[in-house]
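> This is a predicted model, with the sequence first.
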Amino acid sequence: MGVTLDLSRGSSAPTAVKPNLSGLTRKGLAEALVAAEVVKPEKAKMRATQLWRWIHHYGVTDFAMMTDVAKETRAALAEAFSLTRPEIVERQVSKDGTRKWLIRMAPGIEVETVYIPDVGRSGALCVSSQVGCTLNCTFCHTGTQALVRNLTAAEIVAQVQVARDDLSEWPSPKEDRRLSNIVFMGMGEPLYNLDNVADAIDIISDGEGIAISRRRITVSTSGVVPELHELGERTQAMLAISLHATNDALRDVLVPLNKKYPIEQLIAGIRAYPGLSNARRVTFEYVMLKGVNDSPAEALALLKLLKGVPAKINLIPFNPWPGTDYECSSWGAIETFAAILNKAGYASPIRTPRGRDILAACGQLKSESEKVRASARRKAPVEPPEAEGIVV
Ligand code: SAH
Ligand code: SF4
């Protein structure tokens with residue numbers, strides 16, 4: 001789909017793309033400098049450390065800004081590499097302060113990233129790990145998308161960099177940050193792209209760079225049980241599990257991956273998650289679907305299932321999308337369900353829907369804005385893609 005758009009642009013001869021340094025791990029950065037013969041092997045580590053601060057602490061996208069690097073070296077770097085950000089195809093800001101960017105990583109590879117402000121200055125960035133998803137949860141719009149590819153570590157990090165640019169949050173503030181947390185709850189299943197997700201977390205959490213602590217990074221999974229241990233070992237990230245049902249018969253329908261890794265195996269895997277404790281609880285996500293999983297009996301079943309697991313519960317009001325047969329539970333049903341959990345000691349379990357006016361809510365990512373853009377295009381059929389512009 002998007003591919004056709006971009007191919008129609010390129011009539012001139014293709015120009016060689018310079019490797020981009022801004023999404024490499026520390027090791028990858030040192031290796032790239034040596035491979036391009038810009039830096040001698042014995043100086044690679046030192047030079048990489050110096051560049052790292054400019055790229056990830058100051059957020060620069062121009063080698064000329066690196067004032068403590070010799071002029072000739074800066075010129076050689078600019079000759080061999082780039083630091084440019086991917087193109088922002090669309091930017092929207094909701095009445096409630098939620099921001100959403102549609103970012104074009106490559107021709108046809110567009111991902112959405114959402115910033116959700118919290119009370120005070122802090123806020124969470126919801127990043128995507130794949131374009132589309134192979135898992136087909138029946139209530140999720142992302143699962144209906146045809147195009148699927150893993151995002152690279154650089155493409156995941158770029159989402160954070162784009163948000164930081166837009167929030168004017170360079171150099172990396174020590175405290176009082178607007179972008180204080182990262183959640184892997186955008187498009188895709190992060191545990192099907194663990195290598196890149198782990199590298200991205202290494203980059204994002206590095207103390208001399210973006211410096212968002214691993215305890216403020218949450219990875220949400222639909223339950224790829226065999227990868228849970230490695231996720232914990234490699235990333236020390238907080239874990240969120242998309243549970244949505246308390247018995248296998250229903251979870252098989254809502255989250256078909258459950259047929260492969262049923263609830264009992266899932267809970268066993270969670271209990272063994274490295275670092276799990278009362279101070280580092282797992283978050284259980286539970287989408288509220290009218291007449292499907294929202295009865296008081298199911299709230300009690302949920303409590304029983306989670307007994308002894310250090311847990312938080314997030315009730316997510318279902319976000320409907322065109323063509324879905326599911327409906328969101330009534331507010332009364334959600335409150336009754338939440339009250340049962342509250343009574344058992346789970347605090348404020350309802351996740352308030354944010355950014356609904358800009359279609360920034362869970363499960364609506366990407367496909368909805370494709371729809372909006374398509375209808376905008378229909379109204380102005382001769383407009384070239386460049387004219388899609390920025391929507392504020
Ligand atoms: N694939 C991962 C992470 C991305 S989905 C996972 O499934 O956990 C992030 C969260 O949004 C998940 O809890 C998912 O179940 C939820 N979600 C998906 N579609 C939704 C919808 N239409 N309404 C509400 N929540 C939805
Ligand atoms: Fe994929 Fe998560 Fe959506 Fe399921 S809920 S289809 S795993 S993105």
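Looks like it came in fine. Ligands and ions are numbered 1, 2, ... in the order given.

> What segments of this protein are helices?
Ranges of helices in the chain, per DSSP state H, are 2-7, 26-35, 44-52, 71-80, 153-166, 194-205, 225-235, 248-254, 263-271, 296-305, 331-343, 367-379.

> closest one to ligand 2 among those?
When the helices of the chain are compared by Cβ to the nearest ligand atom, helix 248-254 sits nearest ligand 2, at 8.9 Å. All C-beta spots, glycine's among them, are computed from the backbone N, C-alpha and C.

> what about that closest one and ligand 1, touching?
No. If you take Cβ under 6 Å from any ligand atom as the test, helix 248-254 misses ligand 1, and the best it gets is 8.5 Å.

> Return the set of buried residues in that helix.
Across helix 248-254, burial judged by 16 or more other Cβ atoms under 10 Å covers 250-254.

> Next: stretch 144-160.
Under the neighbour-count rule (16+ other Cβ under 10 Å), stretch 144-160 has 145, 148, 150-160 buried.

> Just the endpoints, please. Distance across it?
26 Å (Cα to Cα, to the nearest Å).

> how many other residues sit next to the residue nearest to residue 110 when sequence neighbours are not counted?
Excluding its sequence neighbours, the residue lying closest to residue 110 (Cβ to Cβ, 6 or more residues apart in numbering) is residue 104, at 5.1 Å. Residue 104 has 18 neighbours, counted by other Cβ atoms under 10 Å.

> ok, back up a step: could you dump the buried residues of stretch 144-160 into TSV and include distance to residue 213?
Shown next, in TSV, are those (distance: Cβ to Cβ, whole Å):
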residue	distance to residue 213
145	32
148	31
150	25
151	22
152	23
153	18
154	21
155	22
156	17
157	16
158	20
159	18
160	14
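
> per-domain residue ranges of this structure.
Residue ranges for the domains of the chain, per automatic domain parsing: 21-80, 87-379.

> Next to ligand 2, which bits of the chain? Give me the list.
Counting by Cβ under 6 Å from any ligand atom, the residues of the chain close to ligand 2 are 133, 135-137, 140, 142-143, 188-189, 222, 242.

> And the domains of the chain, which one averages the lowest pLDDT?
Among the domains of the chain, domain 87-379 carries the lowest mean pLDDT, at a mean of 91.

> and that domain, how far out from the chain's middle?
Remark: domain 87-379 is offset 7 Å from the chain centroid, using Cα atoms, centre = their mean, to the nearest Å.

> quick one, strands of the stretch 51-200 of the chain?
Taking DSSP state E, counting those that start in this stretch as the criterion, the stretch 51-200 of the chain carries its strands at 87-93, 99-106, 109-117, 123-126, 130-131, 149-150, 181-184.

> quick one: residue 298 and residue 251 touch, right?
No. Look at residue 298 against residue 251 with Cβ atoms under 8 Å: they stay out of range, at 11.5 Å.

> quick one, what contacts the nearest residue to residue 66 once chain neighbours are set aside?
Once flanking residues are discounted, residue 66 sits nearest to residue 54: 4.8 Å by Cβ to Cβ, 6+ apart. Taking Cβ atoms under 8 Å, 6 or more residues apart in numbering as the contact definition, residue 54 lies against 60, 65-66, 69.

> quick one on the thing from earlier: figure out which of the helices of the chain is closest to residue 283.
Residue 283 sits nearest to helix 263-271 of all those, at 10.7 Å, using Cβ to Cβ.
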